[in-house]
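S.K.: 3D, please:
(chains A and B)
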Amino acid sequence: DAKTTQPNSMESNEEEPVHLPCNHSTISGTDYIHWYRQLPSQGPEYVIHGLTSNVNNRMASLAIAEDRKSSTLILHRATLRDAAVYYCIRSNRKLIWGLGTSLAVNP
Amino acid sequence: GAGVSQSPSNKVTEKGKDVELRCDPISGHTALYWYRQSLGQGLEFLIYFQGNSAPDKSGLPSDRFSAERTGGSVSTLTIQRTQQEDSAVYLCASSLADGQPQHFGDGTRLSIL
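M.R.: This next block holds a predicted model:
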């Protein structure tokens, strides 16, 4: 099964770091790991992607395990606008989407 | 700059009617994707266009669904003889090339009465 495994929901407080885990134990050597997020009534928004090395951009950081069977999306300081459903996806073309993690951010 | 644009944003139609959904990708993006999302679910891949190559139609759920991409830009998803189970949000995305991050429109919410 190409789907990834994520917790259904997580909660964080504003201005605290958030670590969103993802398991992809059957990932192949050429599959990238992509993260998207989706706010209510909007299309998904690209967050970050990587293959083997940890990646940073203005939105988040992606930490990939050495065996590539898991990864963690890190939001360094959560804001209320970060409340969304976060999807972790293997590969890119024909993205195979699971149900994602619904992140709630408390003020 | 302009993002991916989809129209209409909402469509309500009667069972059995045909519908056309339109997607304007970001200029210069060679790859275009259609997905649908049912309430509370993740996205389901429908079809993928890459340049002049034959489209990947492996996700289309039945022969009532078809899509075209004219001139490598605008795409139209057509659903014939709509059924109630076709009710969903239909999302379009484009990317610079295969394997690059995808940019999504806000979707068309289709309701079949």
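
S.K.: which element follows the host helix or strand of residue A:46 toward the C-terminus?
M.R.: Using DSSP states H and E, residue A:46 sits within strand A:45-50. Proceeding N to C from strand A:45-50, the next assigned helix or strand is strand A:55-56, under DSSP H and E.

S.K.: list the contacts of that following strand.
M.R.: A:48-49, A:61-62, A:64 (CB atoms under 8 Å, 6 or more residues apart in numbering or on different chains). In this view, the C-beta of every residue, glycine as well, is placed from N, C-alpha and C.

S.K.: got the residues of chain B near chain A?
M.R.: With CB under 8 Å from any CB of the partner chain as the criterion, chain B meets chain A at residues B:4, B:31, B:33, B:35, B:40-45, B:48, B:56, B:58-59, B:91, B:93, B:95, B:98-107.

S.K.: on that earlier part again, so which elements touch the strand holding residue A:46?
M.R.: strand A:33-38, strand A:61-64, strand A:70-75 (3 or more CB pairs under 8 Å, 6 or more residues apart in numbering or on different chains; DSSP states H and E).

S.K.: spatially, which two of the contacts of strand A:55-56 are the most separated?
M.R.: Greatest spacing in the contacts of strand A:55-56, by CB to CB: A:49 and A:61 (12.1 Å).

S.K.: in space, what's closest to the residue nearest to the spatial centre of chain B - neighbours in sequence excluded?
M.R.: Nearest to the geometric centre of chain B sits residue B:34, at 3.4 Å (CA atoms, centre = their mean). Using CB to CB, 6 or more residues apart in numbering or on different chains and skipping the chain neighbours, the partner closest in space to residue B:34 is residue B:46 (4.2 Å).

S.K.: secondary structure element for that neighbour, which one?
M.R.: Applying DSSP H and E, one finds residue B:46 within strand B:43-50.

S.K.: just the C-alphas of the host helix or strand of the residue nearest to the centre of chain B, formatted as CSV.
M.R.: Per DSSP H and E, residue B:34 falls inside strand B:31-37. Provided in CSV are the C-alpha atoms of strand B:31-37 (Å, rounded to 0.1, in the frame of the first residue of the first chain):
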residue,chain,number,x,y,z
ALA,B,31,2.0,19.1,-15.9
LEU,B,32,-1.7,19.3,-15.0
TYR,B,33,-3.7,17.0,-12.6
TRP,B,34,-7.3,16.5,-11.7
TYR,B,35,-8.3,15.1,-8.3
ARG,B,36,-11.6,14.8,-6.5
GLN,B,37,-12.2,15.0,-2.7
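
S.K.: show the pLDDT at the residue nearest to residue B:39 when sequence neighbours are not counted.
M.R.: Closest residue in space to residue B:39, ignoring its immediate chain neighbours: residue B:88 at 7.8 Å, by CB to CB, 6+ apart. You'll see residue B:88 listed with a pLDDT of 97.
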